[in-house]
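Engineer: Sequence first, then the predicted structure, then my questions.
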Amino acid sequence: MKEQIEAQPDESIEVYGARAHNLKNIDIIIPKNKLVVITGISGSGKSSLAFDTIYAEGQRRYMETFGAYARQFIGEMERPDVDKITGLSPVISIEQKTTNKNPRSTVGTVTEIYDFMRLLYARIGEAFSYNTGKKMVKWSEEEIVNNIFQKFNNKKISLLAPLVRGRKGHYRELFEEIRKKGFVKVRVDGEIKDITAKMQVDRYKIHDIEVVVDRLKVDDGFRTRLSQSVQQTLKMGKDLMFVDVEGENKIISYSKQLMCEDTGLSYEEPSPNSFSFNSPYGACPTCKGLGSVFTIDIDLVLPDKSKTVREGAIVPLGEERDASVFQQAETFAKKK
């Protein structure tokens, strides 16, 4: 058996003289970076070529990279019956028969290499803004001050420390705590307000609350004050702060974490959980990490909107019959 494929250096796995089990001195060239399927009748040597020859040799070569101390616990691996194999990369073998029905199970999870990949991505990965495509920056307090002088020189600004972001509550205790610390203004849902005694907001609405740490003009005479205020604002905002430019009606974000310089978009530092589809921090918020979203096609459920429920308008329910689901549908329709 000779597979007629033109070999390219470093682009294929070349096997010469494979004789494991039923293989009769087989030569074959397998292209890399492609999905290759080995087919044949039972007993033709498919598994002998894939597992007992290619995988076994790849595993043996990997084990030989270990030091002598580690190899004494592994033991020597026998070389498969083959003349030569070239272009072989580190190999992974997955059990042919698996009973795992978990939709989150992938080649990476089955082989447990996914855990190492998540750690690798978290440590050496570079973050880019999904708005602009530019690489995220990470500034120190001094760099933030310098950027404020560069962008807003001779302008009046307010430094805001975010305390509440997109949460419900009346926050009466929070306002009282801010007032006791000596602050006189807060920004609630985009509006600057004076802090008063027993101040609170609607507990059933979602709110964004920032405390106004300082209001000043960006001028060289106030550099020291600006630097101290930026430091305090970042501390209160947990490494995040906003700059409100007077008269321009825009908010600029600054963060000691990863940040987009143009839009102010801020990311948390990458961690292994950021790349896990089992973690809410890394999973897609739409599909929850499953890769698919199930929706209802209302045209299939109600193909003929001129019919009533009793006439079979709701296709999944079928024709009218004495069933509780029809009673529920009728009750619901009356309430609507």
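Structural biologist: Thanks, I have it.
Engineer: can we go C-alpha only for contacts and neighbour counts from here?
Structural biologist: OK.
Engineer: if I look at Asp52, how far off is Thr295?
Structural biologist: 46 Å (Cα to Cα, to the nearest Å).
Engineer: Please identify which of the two sits among more neighbours.
Structural biologist: Between Asp52 and Thr295, Asp52 has the larger neighbour count (other Cα atoms under 10 Å), namely 19 against 6.
Engineer: Average pLDDT for the helix or strand harbouring Tyr254, rounded please.
Structural biologist: Under the criterion of DSSP states H and E, Tyr254 resides in strand 250-255. Strand 250-255 carries an average pLDDT of 82.
Engineer: That strand: which residues count as buried?
Structural biologist: For strand 250-255, a neighbour-count test (16 or more other Cα atoms under 10 Å) marks 251-255 as buried.
Engineer: Show me what that strand is in contact with.
Structural biologist: 138-139, 144, 234, 239-245, 263-266 (Cα atoms under 8 Å, 6 or more residues apart in numbering).
Engineer: cool, and stretch 57-65?
Structural biologist: Residues contacting stretch 57-65 (Cα under 8 Å, 6+ apart): 71, 77-80, 88-91.
Engineer: Let's see which of the residues you listed end up in strands.
Structural biologist: Among the contacts of stretch 57-65, no member is found in strands (DSSP state E).
Engineer: And those residues, which is closest to Lys46?
Structural biologist: Pro80 (14.9 Å; Cα to Cα).
Engineer: From Ile144, how far out is the spatially closest residue to that closest one that is not a sequence neighbour?
Structural biologist: Once flanking residues are discounted, Pro80 sits nearest to Thr53: 5.6 Å by Cα to Cα, 6 or more residues apart in numbering. Going from Thr53 to Ile144 by Cα to Cα gives 59 Å.
Engineer: Glu78 too?
Structural biologist: Glu78 is 61 Å from Ile144, by Cα to Cα.
Engineer: Quick check on those two: which one has the bigger neighbour count.
Structural biologist: Set side by side, Glu78 and Ile144 show more neighbours around Ile144, with 18 against 9, by other Cα under 10 Å.
Engineer: okay, the closest residue in space to Ser276 that isn't next to it in sequence: pLDDT?
Structural biologist: What sits nearest to Ser276 in space, not counting adjacent residues and going by Cα to Cα, 6+ apart, is Gly282, at 5.0 Å. Listed pLDDT for Gly282 reads 71.
Engineer: how deep is Gly282 tucked in, by neighbour count?
Structural biologist: Gly282 has 17 neighbours, counted by other Cα under 10 Å.
Engineer: So which residues of this protein form strands?
Structural biologist: Counting by DSSP E, the strands of the chain are 12-18, 26-31, 84-86, 156-168, 185-188, 191-194, 206-217, 240-245, 250-255, 258-259, 266-267.
Engineer: mind listing what the residue nearest to Pro80 touches?
Structural biologist: Here Thr53 is in contact with 18, 20, 80-82 (criterion: Cα under 8 Å, 6+ apart).
Engineer: what about 10 Å?
Structural biologist: Counting by Cα atoms under 10 Å, 6 or more residues apart in numbering, Thr53 makes contact with 15, 18-21, 23, 47, 79-82, 85.
Engineer: ok, now Glu11?
Structural biologist: Per Cα under 10 Å, 6+ apart, neighbours of Glu11: 29-33, 87-88.
Engineer: Go ahead and confirm the residue nearest to Ser276 touches Glu268.
Structural biologist: No: judged on Cα atoms under 10 Å, Gly282 makes no contact with Glu268 at a distance of 11.5 Å.
Engineer: got the buried residues for stretch 55-68?
Structural biologist: Neighbour-count burial for stretch 55-68 [16+ other Cα under 10 Å]: 55-61, 63.
Engineer: Also stretch 308-324?
Structural biologist: For stretch 308-324, by 16+ other Cα under 10 Å, it's 309, 313-314, 317.
Engineer: contacts for the helix or strand of the chain with the lowest mean pLDDT?
Structural biologist: In the chain, the helix or strand scored least confidently by mean pLDDT, DSSP states H and E is strand 266-267, which has a mean of 72. Strand 266-267 has contacts (Cα under 10 Å, 6+ apart) with 127-129, 136-138, 240, 253-260.
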